[in-house]
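[1] sequence first, then the predicted structure:
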Amino acid sequence: MKTEDTNKWEYAPSLEGTKHIQLKEKYDLFIDGKWVKPNADRYFASINPANEEKLADIAWASESDVDLAVKAARRAYVDVWSKMKASDRAKYIFRIARLMQERAREFAVIETLDGGKPIRESRDIDVPLACNHFFYYAGWADKLQDAFPNRSVESLGVAGQIIPWNFPLLMAAWKIAPALAAGNTVVLKPAETTSLTALKLAEIIEESGLPPGVVNIVTGHGDTGAAIVNHPDIDKIAFTGSTAVGKLIQKATAGTRKKVSLELGGKSANIVLEDAPMDQAVEGIVNGIFFNQGHVCCAGSRLYVQESVADELVRKLKQRMQSLYVGNPLDKNTDIGAINSKEQLETIEKYVQIGIKEGAEMFQVECEVPTKGFYCRPTIFTNVAQSSVIAQEEIFGPVLTIQTFRTIDEVIQKANNSPYGLAAGVWTDKGSRIFNLTSKLRAGVVWANTYNKFDPASPFGGYKESGFGREGGLHGLEAYLK
Amino acid sequence: MTAQKPLFSQVPISPCVDKVGVEERVARFQTRSIKGASKLQGLSMVLSMIDLTTLEGKDTPNKVKQMCYKAAHLHDAYAGLPTVAAVCVYPSMVPIAKEALKDSTIKIASVSTAFPSGQAPFDVKKMDTKFAIEAGADEIDMVISRGKFLAGEHAFVFDEIAAIKEICGTKRLKVILETGELATLDQVRHASDIAIHAGADFIKTSTGKIQPAATMQVTYTMLMAIRDHFDRTGKMVGMKPAGGISTSKLALHNLVMVNEILGEAWLSNEWFRFGASSLANDVLMQYMKQVTGKYQSADYFTLD
Amino acid sequence: MNILKTYKIYIGGQFPRTESGRFYAVKDQDGKAIANVCLSSKKDIRNAVQAARKAFGSWSERSAFNRGQILYRMAEMLEGRKAQFVEELMQQGQSLEHSKIEIESCIERIVYYAGWCDKYQQILSSVNPVNSSHFNFSVAEPTGVVGVLAEQSSGLIGLVSQLMPVIAGGNSAVLIASEQLPLCAITFAEVLETSDLPAGVVNILTGSAIEMLPTLAEHMDVNALFLSNAGKGLTTEAQLLAVDNVKRVVVKDEDWTKESNQGIRYISSFQEIKTTWHPIEQIGGATSSY
């Protein structure tokens, strides 16, 4: 076989431009339609995880700042937003969606700079989905009664919303859009490592002419979030993040009138049967665990492969992984960007070590990663048991565990054998089998012959310790209505 | 080639193919951004992989001669450009092309087996092939019997390919599946597996007479069949998307697919070809844009 | 001389005594003992949850039509034993008129929820028009094992109003009966037992709410709690204990005698929405226009 005269073909860097991006050196809090300094005059740095350089200083809101924001939200709710004609409310939300679309590229670049995700994802997935979410819910604002024809619909009041760092803008959209459509006002806290796109969104909200106080963005750390959760004048807490923090919130709101929705962690099973469309399954596995560096609550982190095809599938998966580009998130060809923070990288590395200690067999893509910044090569573990720690705990990184199974009953049991129940994947060509599996898997989202798909019209949320309440679709409105 | 006769019973069961998944995968290839030196290298590879084609009822010796000249002189205004890989013509034009290209390394490919429909008696198809080879063809582009394939007579299709391969001997055989008539990717995959196991040196998407032709989805599916065959047997099979690839962007995305699915071993005209009649000039214009920094005009690139 | 009935508890389709061996006497308005009732313990809760978990799978997978048949059968059985329930309510100090009304309401409520069994899915589910080539739909699925603290101020209507939406929706239940008015709860268990309801779908315990609710609330295999007028202290305590497995805690402090306090919202409180995606293949240029 003649192979010596072949051409090695590597893609030259193709960097997304950053010149058109407008970032301030310092960001204050967005309260009551104005940018206000935090009372304690404290700020913290937001860094670019891809090169550890500082991007901006971000205000650290204290209890008194949160109180100011809640008061503004309450005033706006009572005086303006709850009285406004629903169709006018819709128009404001539509307007926000349009303004976001117009600045889509800027949002994408900032999202990538701040969070480390590949520009391809922020450009093609995060930002368009965020815009679409506003579009989708804008239209609901004057149709709430049609959504719930058998009861009278009423908004809740002031919603406190706390969002994670894995999809900063998208999660802000998931929270704000339905809340506003249902007639509530909002105090939103972005995650401390990824505040920038939420603050850019605040600029757009300002530009949209939304009445002051309807949306307030308070940045900060955990204590800022706690101040929101504990504020007595908040009617609703919506949280997306870890199950541990979710439990704290559930505890803190016990005995209060606050309505709570939680979208928490997961350890979702992705199941490949022997009659699956194998190459698409490989793609779904890659998409399931390596999308957004595996920082996805519904990541398909537990792979179950029918034993008869396990060797072939794992071989194909390894082959596919070799064509993943790990590196500068701003490079349009990057598939896997930077891990969001040093802390998270350490957590992932800790789990990788646990996996090795547990005797699992590790495979990592052989590729260079930048020396500065936080990077983790895509990693899979074979020879894993259900009892392995790495198969039970949420790693929140590009680390996949692979187990084999023999029968469908066995895999349903194993897939459900988890405190979580956020998502699941099923790969088979047989329709009746799909329905059998999808109906028996205890998870809020089931992807059959696909994985990690999201849409504003599609309800999302978990069973069991993955939380309660749904976001997206008609069902997502319910979380913001009495 | 193994000395043993290939057997239809040895064709593996083809995996099913999910079209939506394929579309998503293909879209990912299309987001690859090829810039700078990689682009020049890619464009140059594309030129060297072209099977410059004329397959018309109105083909004449002069038309073929002119095209052959172009094949060897893509753009003489700029030195250092490769020639195309081959010219692809009807059997009756093989002697003309042979003569026109006698001083070059450009291969002569001839379509055969009652191209493009393949609706002729088996003996006619064999004669067609023999004629082309005796006239000097280096490569044979045969069509499969889509009618038989769709009627479920897969063994017939297999045997036909195997018989034509036997006639070809050491000449390389490209098997055209005419994917536009097979309708589903499952069928494309199945036909690919049959062709590969029956002895195809290359599998090729289309005749160029039927739409859709070489879509990226189809090419992807066929590349996966080649990949699986290689992983199973260690034997390389070539790939030729043909028809519908007329821009350098699309050509580069096809190359990206080959690069990421099959790897660099396939990145030469020994294993990958583009069947095209109008691709070369677009690639040349892009190439010169990269070199000069200026957008180009078609008036400066010869039409043959 | 009348014999004093001993009321047992209902676990897994059986009527055992509490494993703790403890009892308490239920008295009439004059302070006269009318019955001995089990003072159930933590272990009874454990056994009941086990039974409920075991029953959940097959109950939730029964056809909706069949669940409706079984609920309707309950109403029929209750109808046939009206007199006994009226008598028990009266023993516990309720007037004849009120007792009759309460039983009638209970029967109506059961029939009402029987009718919902094969309908709520159509109201709660949706087909979602996603922006890609996928078929996407959301369906309601039962939450799992639901712990129910029955309304303490009523003998039967609270219990029925809470239990029916839970089981109509395919959940299984562990119910703590009214501490002071427990007689009808156990007699109702006898109705359930004769209504083709599979063993373990409903389990009924009598005893101290304050003692039992925390065990139920912190039980890691209970998926949801349903409280009604339990008081701020007990409600908050249950909410706090529910956190460890992120239980859904549904608090409905309603007046269950009102007909307005029935509805699909009580069913949907114990449903999870599951969204399923599947690709739609578009072949060639063929469209469905004709």
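    Cool, the structure landed.

[2] so which bits of chain C are right by chain A?
    C:123, C:126, C:128-132, C:134, C:136, C:138, C:141, C:143, C:223, C:232, C:235-236, C:239-240, C:242-246, C:248, C:263-265, C:272-279 (C-beta under 8 Å from any C-beta of the partner chain). Just so you know, the C-beta spots here come from the backbone N, C-alpha and C atoms, and that holds for glycine as well.

[3] centre of the chain versus stretch B:205-213, how much separation?
    11 Å (C-alpha atoms, centre = their mean, to the nearest Å).

[4] next one: stretch B:183-197
    For stretch B:183-197, the distance to the chain centre is 16 Å (C-alpha atoms, centre = their mean).

[5] that one near chain C anywhere?
    Yes: under the criterion of C-beta under 8 Å from any C-beta, chain C is reached by stretch B:183-197 at B:Ala183, B:Thr184.

[6] quick one: contacts of that stretch?
    B:6, B:8, B:10-12, B:14-17, B:19, B:22, B:144, B:149-150, B:154, B:157-158, B:161, B:175, B:177, B:179, B:182, B:203, B:217-218, B:221-222, B:224-226, B:229, B:237, C:283-284 (C-beta atoms under 8 Å, 6 or more residues apart in numbering or on different chains).

[7] may I see the buried residues of that stretch?
    B:184-197 (16 or more other C-beta atoms under 10 Å in any protein chain shown).

[8] cool, stretch B:73-80 as well?
    So, applying 16+ other C-beta under 10 Å, buried residues of stretch B:73-80: B:Leu74, B:His75.

[9] what lies in contact with stretch C:72-89?
    Outside stretch C:72-89, the residues that reach it (C-beta under 8 Å, 6+ apart) are C:96, C:98-100, C:102-103, C:106-107, C:110-111, C:114, C:155-156, C:183-184, C:187-188, C:190-192, C:194-197.

[10] filter those by proximity to chain B?
    Okay, of those, nothing touches chain B (C-beta under 8 Å from any C-beta).

[11] quick one: low-confidence residue ranges for chain A.
    Scanning chain A for pLDDT under 70 picks out A:1-6.

[12] from chain C, how far out is the residue sitting nearest the centre point of it?
    By C-alpha atoms, centre = their mean, chain A has its centre lying nearest to A:Phe167, at 4.0 Å. A:Phe167 sits 17 Å away from chain C, taking C-beta to the nearest C-beta, to the nearest Å as the criterion.

[13] that residue: what's it in contact with?
    A:Phe167 neighbours (C-beta under 8 Å, 6+ apart): A:Asp126, A:Asn292.

[14] now it: phi and psi?
    Main-chain dihedrals, A:Phe167, degrees, to the nearest 10: phi -130, psi 70.

[15] check the one 10 residues further on too.
    A:Ala177 has phi and psi values of phi -60, psi -50 when expressed as degrees, to the nearest 10.

[16] for the stretch 201-304 of chain B, what lies in contact range of chain A?
    So the stretch 201-304 of chain B meets chain A at B:224, B:227, B:231, B:234-236, B:255, B:259-261, B:264-268, B:270 (C-beta under 8 Å from any C-beta).

[17] ok, those vs chain C, which is closest?
    B:Met224 (17.1 Å; C-beta to the nearest C-beta).
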